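1. I would like the atomic coordinates for the input below:
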Amino acid sequence: MPGRHVTDQQMRLFMTHKQNHAVPLAAAKAGISRATGFRLQADTTLPSQKKTPRSRRRPDPLADIFETEVVPLLRSSAGIRPVAVYEELLRRHPGLGIGIRRTLERRIRAWNAEHGPEQEVIFRQTHTPGKMGLSDFTAMGKSGVTIAGEILDHRLYHFRLAYSGFQHAHVVLGGESYVALAEGLQNALWTLGGVPHDHRTDSLSAAFKNLDKAAHDDLTDRFDALCRHYGMTPTRNNKGVAHENGSIESPNGHLKRAIEDALIMRGSRDFADLAVYRRFVDEIVGRINARNTKRIDAERASLRPLPARRTMDYEEVTLRVTSSGGFTLRKVFYTVPSRLIGHQLRVRLYDDRLELFLGGTALMTLPRGRASSSGSHGHVVDYHHVIHSLRKKPMALMGLVYRDQLFPRQAFHDMFMALLEDSGEKTACRMTVNLLALAHDRGCEAALAAQIEEDLRQKRPPDMAALRALFAPTEGVLPKVEVKMADLSSYNRLLGNAASSEEVAA
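-> You can find the predicted model right below:
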């Protein structure tokens with residue numbers, strides 16, 4: 001073809017066809033012109049052998065300094081980045097110009113290939129069915145997932161079998177704690193229906209960070225006890241050596257990308273509640289496992305059986321309810337019904353909830369709160385627990401330390417701030433407490449919030465009389481009961497009947 005160079009392959013093909021065909025036909029079969037065919041017949045040297053080595057077209061800017069300045073830097077500072085060498089050369093020789101960077105990087109790369117330090121070699125492993133299960137945590141803060149409009153700061157606990165690729169993921173609201181690991185691992189094993197021989201984690205540095213030796217040893221003992229309960233041998237890779245956990249580090253990235261793709265196709269990153277988001281993640285993991293069904297089923301035959309029951313995946317602490325109507329745990333204040341003031345509660349601390357017990361009686365479940373990153377205390381407040389006392393002392397709302405967390409919906413907070421600006425502290429506190437009391441008494445929190453939002457749009461204070469009438473029980477809900485008083489003489493007749501019956505019996 002005109003304008004194209006003849007390749008070695010075309011020439012070999014031409015020479016092969018020329019043995020049985022004339023030059024024009026052999027050239028056509030090789031995809032070259034007739035004239036080129038006659039030229040190749042006269043000179044059988046391959047095109048690649050005719051090329052002269054490309055010579056330098058400009059002076060080498062590093063000719064005088066690479067061996068004398070760059071190489072000593074590379075020898076004395078193993079691991080130094082090429083960009084650091086580049087910036088040092090520009091400082092020493094301002095006349096070099098910025099165009100030498102790529103040349104310098106290629107030259108350093110070539111020098112390292114010949115004279116650089118030895119690099120660590122990764123040894124690929126052959127995995128045995130039922131041998132190894134791995135656990136890891138991966139951050140999801142950049143996913144942009146929201147729950148009812150609120151950003152969900154979370155991470156995933158990720159479990160995987162090295163042989164078959166079975167995976168399980170569990171949404172974790174806190175950090176890399178023993179509680180999150182124990183709950184996620186047990187969920188994975190019971191979903192799998194068996195137990196691998198070994199269980200590997202990384203060093204779990206986040207879970208053990210800032211702990212004293214006693215607490216560190218306690219967590220280590222609890223983790224070892226968890227593995228003993230399931231008959232697994234616990235192993236850990238060396239700190240900071242991620243590729244030793246490579247059978248799950250790489251799948252972490254694949255899972256996060258799969259979730260990101262699913263969020264994009266979903267068209268929204270907002271979920272109604274945490275349970276919906278957890279089902280969303282479970283569905284994605286289920287699709288991944290479905291692609292490995294045959295290998296997973298084959299590996300199940302090599303797994304150890306599950307124990308008769310699960311073991312503890314929570315921490316248990318004992319706390320006393322204070323006169324503030326609650327208790328403080330891990331720098332978070334929780335409110336409880338005031339009738340529990342002075343009682344000692346057993347609290348089971350899970351990753352996402354607290355279960356409260358009075359003796360052996362289960363009382364309630366509270367969502368778990370966490371202190372802010374700045375170190376200030378957090379609050380988990382239910383206005384139902386304190387509204388009866390707040391009615392008697394409405395001005396306590398003004399300086400209440402957990403005032404902002406007391407409001408069940410944003411509309412109540414916005415109305416309080418508007419009343420505070422327009423009517424003063426006393427009116428604002430009294431009116432807001434009345435609104436909270438109405439929501440508590442009539443169970444109309446959502447509908448009342450909608451009415452408050454309308455009042456805010458109209459820039460008018462709430463009309464408590466109208467709101468009480470609006471949310472009053474309807475007549476149809478309370479049936480009318482007509483009570484008819486019995487005639488007292490009927491009792492005499494009953495007594496008379498009883499006396500005659502006694503006479504007959506006698």
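2. Tell me where the stretch 201-350 of the chain has strands.
-> Remark: strands of the stretch 201-350 of the chain, listed N- to C-terminal, are 233-236, 270-271, 315-320, 326-329, 332-335, 344-349; assignment by DSSP state E, counting those that start in this stretch.
3. what's the closest of these to residue 177?
-> strand 315-320 (8.7 Å; Cβ to Cβ). The way it works is simple: take the backbone N, C-alpha and C, and place the C-beta from them, glycine included.
4. The closest one vs strand 344-349, what angle?
-> Orientation check (axes from the mean of the first three to the mean of the last three Cα atoms, to 10 degrees): strand 315-320 against strand 344-349 gives 150 degrees.
5. What pairs with strand 315-320, parallel or antiparallel?
-> Looking at strand 315-320 with DSSP bridges, its partner strands are strand 344-349 (antiparallel).
6. Tell me the gap between the strand it pairs with and the middle of its chain.
-> A distance of 27 Å separates the C-alpha centroid of strand 344-349 from that of its chain, computed with Cα atoms, centre = their mean, to the nearest Å.
7. How about stretch 260-279?
-> Average the C-alpha atoms of stretch 260-279, do the same for its chain, and the two points are 12 Å apart (Cα atoms, centre = their mean).
8. quick one: terminal-to-terminal distance for that stretch?
-> Separation of the first and last residues of stretch 260-279 by Cα to Cα, to the nearest Å is 15 Å.
9. ok, residues contacting that stretch?
-> Outside stretch 260-279, the residues that touch it by Cβ atoms under 8 Å, 6 or more residues apart in numbering are 143-149, 152, 170-171, 280, 284, 352.
10. In helices, which of those residues fall?
-> Secondary structure assignment by DSSP state H places 280, 284 of these in helices.
11. which of the contacts of stretch 260-279 are buried?
-> Among those, those classed as buried by neighbour count (16 or more other Cβ atoms under 10 Å) are 143, 145, 147, 152, 170-171, 280, 284, 352.
12. Out of those, which two are the most distant from each other?
-> Of all pairs drawn from these, the widest gap by Cβ to Cβ lies between 284 and 352 and measures 19.7 Å.
13. about what we covered before: which stretch among the strands of the stretch 201-350 of the chain is buried most, on average?
-> Of all those, strand 332-335 carries the top mean neighbour count, a mean of 21, counting by mean count of other Cβ atoms under 10 Å.
14. Excluding chain neighbours, what is closest to residue 31?
-> When the adjacent residues along the chain are set aside, residue 31 lies closest to residue 10, with 6.0 Å between them (Cβ to Cβ, 6 or more residues apart in numbering).
15. What spatial separation is found between the one you found and residue 18?
-> Per Cβ to Cβ, to the nearest Å, residue 10 is found 12 Å from residue 18.
16. what does residue 91 give?
-> Residue 91 sits 63 Å away from residue 18 when distances are taken as Cβ to Cβ.
17. which phi and psi does the residue sitting nearest the centre point of the chain have?
-> When Cα atoms, centre = their mean is applied to the chain, the residue found nearest the centroid is residue 155 (2.3 Å). Recorded main-chain torsions at residue 155 are phi -140, psi 170, according to degrees, to the nearest 10.
18. Just want to check the distance between the nearest residue to residue 131 once chain neighbours are set aside and residue 303.
-> For residue 131, ignoring the flanking residues on the chain, the nearest one in space by Cβ to Cβ, 6+ apart is residue 197 at 5.3 Å. According to Cβ to Cβ, residue 197 stands 9 Å off from residue 303.
19. residues shared between the contacts of those two?
-> Counting by Cβ under 8 Å, 6+ apart, the shared contacts of residue 197 and residue 303 are residue 130.
20. So between these two, which is more surrounded?
-> When neighbours are counted by other Cβ atoms under 10 Å, residue 197 and residue 303 differ, and residue 303 comes out ahead with 21 against 15.
21. circling back: from memory the residue nearest to the centre of the chain sits against residue 136, does it?
-> No: Residue 155 is beyond contact range of residue 136, at 10.1 Å (criterion: Cβ atoms under 8 Å).
22. In the chain, where is pLDDT below threshold?
-> For the chain, the stretches with pLDDT under 70 are 1-3, 203-219, 237-246, 475-478, 497-506.
23. Now for it: which helix has the highest residue count?
-> Under DSSP H, the helix in the chain containing the largest number of residues is helix 246-266.
24. and it, which residues are buried?
-> Applying a neighbour-count criterion of 16+ other Cβ under 10 Å, the buried positions in helix 246-266 are 246-249, 251-252, 255-256, 258-259, 263.
25. if we can go back for a sec, do you know which of the strands of the stretch 201-350 of the chain lies nearest residue 469?
-> Nearest of those (Cβ to Cβ): strand 332-335, 30.6 Å.
26. And the helices in the stretch 351-500 of the chain?
-> If you assign secondary structure with DSSP state H, counting those that start in this stretch, the helices in the stretch 351-500 of the chain sit at 383-392, 403-406, 410-423, 425-442, 445-457, 464-470, 489-505.
27. Mind putting those into JSON lines with mean neighbour count?
-> Converted to JSON lines, these look like this (neighbours: other Cβ atoms under 10 Å):
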{"stretch": "helix 383-392", "mean neighbour count": "16"}
{"stretch": "helix 403-406", "mean neighbour count": "17"}
{"stretch": "helix 410-423", "mean neighbour count": "17"}
{"stretch": "helix 425-442", "mean neighbour count": "19"}
{"stretch": "helix 445-457", "mean neighbour count": "16"}
{"stretch": "helix 464-470", "mean neighbour count": "13"}
{"stretch": "helix 489-505", "mean neighbour count": "9"}
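28. any chance of those helices in CSV, plus distance to residue 317?
-> Rendered in CSV, the data for these read as follows (distance: least, Cβ to Cβ, whole Å):
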stretch, distance to residue 317
helix 383-392, 20
helix 403-406, 22
helix 410-423, 32
helix 425-442, 30
helix 445-457, 31
helix 464-470, 42
helix 489-505, 62
